[in-house]
Each structure stands twice: as C-alpha cells, then as structure tokens.
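Trainee: everything below, folded, please.
(chains A, B, C and D)
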Protein chains: 2
Amino acid sequence: MERELLLLGLLRHNHMHGYELHEFINRDLASCTDLKKPTAYYLLDKMAAKGWITQTEEQEGSRPPRRVYQLTAEGEAAFQRLLRENLVAYHQARFAGDIGLAFVDALEPEEARTLLQRRRDTLAGELAATRHIPLHHGTLQLVIEHQIRHLKAELEWLDEVLGRLSVD
Amino acid sequence: MERELLLLGLLRHNHMHGYELHEFINRDLASCTDLKKPTAYYLLDKMAAKGWITQTEEQEGSRPPRRVYQLTAEGEAAFQRLLRENLVAYHQARFAGDIGLAFVDALEPEEARTLLQRRRDTLAGELAATRHIPLHHGTLQLVIEHQIRHLKAELEWLDEVLGRLSVD
DNA sequence: GGGCGCATGTAATGAGTTACATGATTGA
DNA sequence: TCAATCATGTAACTCATTACATGCGCCC
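Mentor: Sure thing, here's the model as predicted:
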C-alpha cells in the first residue's frame, strides 16, 4: 500500500512520532493524500509488528510521552521494494465528480451551471491554497507541482463544460 | 455514494440487470470507475431494500433468469438529490503514483528513468485505448473526454519529470 | 469434451473512517 | 476557567474486494 510507502519514506530521514506524521501529512501533503489519525497509528503498529520500524519512548517535560519511530534494515528493504513497485506502475485516477457530469443533462442547464459554478469556486480556492504551500525539499516538491498542474487543468476543463452548458 | 448515483443514472433510461450493468461499466466506463460484480449485486440489493428500485424476474429461453431493475419514484428522488450533491462539490483526486515520485530521489536517476519509462508506456497505452472507446450518448461522453484530457496532461507531466531526471 | 459466456450469489477479509475516550499542558 | 493543543488509542462500522460456488448453453 502506498500509505506505508509514504510513512516509511518520511521516517527514513526524520524520526517522527504518530501525531507528528499525521500533522505533517494533513498540513503539507493534504493536496495529495489524507491520512486520519487512527489510520496512522494503525499502520505504525502494523509496520512495527512486521519489524519494519522500531519505536523509542520519548518524554519532553511533562508532555504526554511519544513514540518516535525509525526504520530497521528490513524497513529500508521494504521501502526500496515498495518504491520501485510504485514507480513502475501507472495508477489510474478516478474522478468521483465525473459521475455527476455524466448525468448533468438530467437538469435544466441553468441549475446545472449554478451548481457547477460552486464546484468551480471550491476548485479555484484549492488551487490558490496549494500555491501557498511552502516548498518541500527534494522530490517531495514534485507532489505539490503535480497537484497544481492538475488543478489548473481541472479549472480549464470545468470552464469548458460550463461554456458548453451555456450554448446548448 | 457516487456508485449508487451511477447505477441509478444508468437505470433511469435503460432497465438493466446486474450482469449487464457490471459489463457496461467495466467495458465502456472503465476509464472512469470500476465496479466489481459482487459490489454491483450488493448495491442493487441495498437500493432495492431502500425502495429506490424494483426488480422484475425475466427469462430468455433457458438462460439463467435475470433480475431487471427499474427506478421507483423514491429512486428518482434519490437520483435527483445525489446528482445535485455530486455536482456542487469538488471531489479531490488522489494520485497514488505521486507517493513514489515524492521519494524518487532515493534511487539512481538511471534506474528511476527506467521505472518511470515503464509507467509512461502503460499510460500511453491507456490513452490510446480510451481514444477508441465508442461515443456515448448525451453527457455520458463528458466522462470519456475528461479522461482523455487528463491522460494527455499526465503524459506531459511524466515527460517533464523524466526530462528533469536526465538533467540532474 | 472442454472452455467460455451468461447470470447469480455467499463468505471472509481488508482498509479506512467515525465516534468516542483519556489526560496533561498552554494560552486567552 | 475554558478552550485548544499535544499525544495516544479503542470499538464499531462501512465500503469494497477477493475468492469461492453454482449451473446451464454455446461453440469448437
């Protein structure tokens, strides 16, 4: 699974704890993935059980203790394997919004335009927000760049659809 | 859920049975969604239980009997509601392939290029195949058009990434 | 005679989510 | 003092998948 790859990749250079990983992913990588807290803890436990990562209890002042993870040799091997698997394969994207578009002719063009205009506004907001994400180091930045390209293309596509709905 | 919307939308104009729906979706809409057979039957049962659709047993010769579904008034209402819900919202796309890209600098550029070239080949094949899907009627065709646009954009993006990997 | 297509399902499993629970610290 | 942040988790549930099971008809 690519979520495990993501966690391993992040833990490779920075030893982090669950809360920190969840926070990083949902703040800086939200445009690409989302990982809920229980899922993060669940995956970390699972990978620890597989021997891919080890945990060290850490305490800072009187804060809640936290479990900081780092890769083992097997973890690094798993990372290498998952990375190559991920890179060779083309992963098809599914666009949930297309199912609505497929049946948009069931509505009056005017209502359809109003609804899609709202979708467009959200999309434009998403694009603006993604443009303001601070730069990541190394190829992590590719994820953001890809998302920005995609959002721009989606905006153009939606505008074309809106245009067609006005003409028809 | 958008899968229910999809099934309702298809059943609105053509009364179909489970096998037929599954076949249509996985042949003509594969670029957009996929729906496994058990999932199709499961959803149809669920929607029948909710009173959204009714089934009529049909027999053609000595073929296995089949359950042909059609929308009820509540089904039509559900369709209208789900359609509007789907159209207003922007549904974020997640690109599983980006997680590999995020860590591609863990590999030698040469190996990375080789792996991504294979991804590119699959992608190009997907684009060619999608271009040969026969036209759908009405706005169903939008789904295919969107996918073609997306695949073209992805190809350009991958080529840029490959170019950068050669330079660095 | 063997395999594929038609047509339906069940059972087990997995992945991920929501909602809930805990408890200390920090800041307004 | 009240809310938010830090930090971890459990339990129940949903959605969808895989693997398995059945049985007839058609074509080579």
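Trainee: flag every residue of chain A that's near DNA strand D.
Mentor: Chain A comes close to DNA strand D at residues A:17-20, A:23, A:37-38, A:41-42, A:44-45, A:60, A:63-67, as judged by Cβ under 7 Å from any atom of the strand. The C-beta positions use only the backbone N, C-alpha and C, and glycine is treated the same way.
Trainee: among these, which are within reach of DNA strand C?
Mentor: If you filter the residues of chain A next to DNA strand D for contact with DNA strand C, counting by Cβ under 7 Å from any atom of the strand, you are left with A:37-38, A:42, A:63-64.
Trainee: what's the neighbour count on residue A:100?
Mentor: Neighbour count for residue A:100, taken as other Cβ atoms under 10 Å in any protein chain shown: 30.
Trainee: got the buried residues for the helix or strand of chain A with the lowest mean pLDDT?
Mentor: Among the helical and strand segments of chain A, the one scoring lowest on mean pLDDT, DSSP states H and E is strand A:53-58, with a mean of 89. Along strand A:53-58, the positions that meet the burial threshold by neighbour count (16 or more other Cβ atoms under 10 Å in any protein chain shown) are A:53, A:55.
Trainee: can I get that strand in PDB, CA atoms only?
Mentor: Coordinates of each C-alpha in strand A:53-58 appear next as PDB, following Å, rounded to 0.1, in the frame of the first residue of the first chain:
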ATOM      1  CA  ILE A  53      10.300   0.100  12.300                       C
ATOM      2  CA  THR A  54      11.200   0.300  15.900                       C
ATOM      3  CA  GLN A  55       9.800   2.700  18.500                       C
ATOM      4  CA  THR A  56      11.600   4.700  21.200                       C
ATOM      5  CA  GLU A  57       9.600   6.200  24.000                       C
ATOM      6  CA  GLU A  58      10.400   9.900  24.400                       C
END
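Trainee: now the buried members of the residues of chain A next to DNA strand D.
Mentor: With burial judged by 16+ other Cβ under 10 Å, the buried subset of the residues of chain A next to DNA strand D is A:17-18, A:20, A:41, A:44, A:66-67.
Trainee: quick one, domains of chain A?
Mentor: What the record gives for chain A is the domain set A:2-88, A:97-167, from automatic domain parsing.
Trainee: least confident of the ones you listed, on average?
Mentor: Least confidently modelled of those is domain A:2-88, at a mean of 91 by mean pLDDT.
Trainee: on that earlier part again, any chance of the domains of chain A in JSON lines, with distance to chain B too?
Mentor: Rendered in JSON lines, the data for these read as follows (distance: least, Cβ to the nearest Cβ, whole Å):
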{"stretch": "domain A:2-88", "distance to chain B": "3"}
{"stretch": "domain A:97-167", "distance to chain B": "3"}
